[in-house]
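Peer 1: Compute the structure for the input listed below.
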Amino acid sequence: MQRMTALFSAALLTAGLISAPAMAQQEGATQQQAQAATATAQDFSDEQLQQFADASQEIAVISQDYTERLQGAQDQAAQQEIRMEANEKMVAVVEESGLDVETFNAIGQAIQQDPELMKRVQSMAQNGS
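Peer 2: Next comes the predicted model:
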């Protein structure tokens, strides 16, 4: 459960970096994950970065849709249900890209720490696969 919430938060943050800004919900899990994932560009292959770029574009669309739904949710229970559904879709996109969730999140965190890596991934996202 916490892994999925962390993915949702990381995905919102990452999607905001690569496409239109998304409303990111800050949670303790995201901050803990940021401290734990201090990877550098050398830790990831070009293939992994391209997979991340491709998955991030799909996740940006999902996160935008679910952010709008979250804003319209009536109560906490409805918000939690929307987050769970969004998490499931995002996990599926990541896994379909060929990455595991941990690698996807590690790349997302590395991008936030390394502006050159961010530019490289943005370029990959623009050029497609």
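
Peer 1: For this structure, spot the helix or strand the model is least confident about on average.
Peer 2: helix 28-36 (a mean of 43; mean pLDDT, DSSP states H and E).

Peer 1: how about the helix or strand just after it: buried residues?
Peer 2: Remark: after helix 28-36, the chain's next helix or strand is helix 46-72, criterion DSSP states H and E. Going by neighbour count (16 or more other C-beta atoms under 10 Å), the buried part of helix 46-72 is 48-60, 62-64, 66-67, 69-70. All C-beta atoms are positioned from the backbone trio N, CA, C, and that covers glycine.

Peer 1: can you check stretch 78-93 too?
Peer 2: 79, 82-83, 86-87, 89-91, 93.

Peer 1: And these, which is closest to residue 122?
Peer 2: Looking at those and their distance to residue 122, the nearest is residue 93, at 18.3 Å (C-beta to C-beta).

Peer 1: Nearest residue to residue 103 in space, please, no chain neighbours.
Peer 2: Excluding the flanking residues, the one nearest residue 103 by C-beta to C-beta, 6 or more residues apart in numbering is residue 48, at 6.5 Å.

Peer 1: got a list of what the one you found touches?
Peer 2: Shown in contact with residue 48 (C-beta atoms under 8 Å, 6 or more residues apart in numbering): 99, 103, 107.

Peer 1: cool, residue 51 as well?
Peer 2: Residue 51 neighbours (C-beta under 8 Å, 6+ apart): 97-99.

Peer 1: Let's see which of those end up in helices.
Peer 2: Taking DSSP state H as the definition of helices, these contribute residue 97.

Peer 1: Do you know the pLDDT at residue 38?
Peer 2: We have a pLDDT of 47 for residue 38.

Peer 1: What strand or helix carries the nearest residue to residue 58 once chain neighbours are set aside?
Peer 2: In space, and not counting its chain neighbours, residue 58 is closest to residue 93: 4.7 Å by C-beta to C-beta, 6+ apart. Using DSSP H and E, residue 93 sits within helix 76-97.
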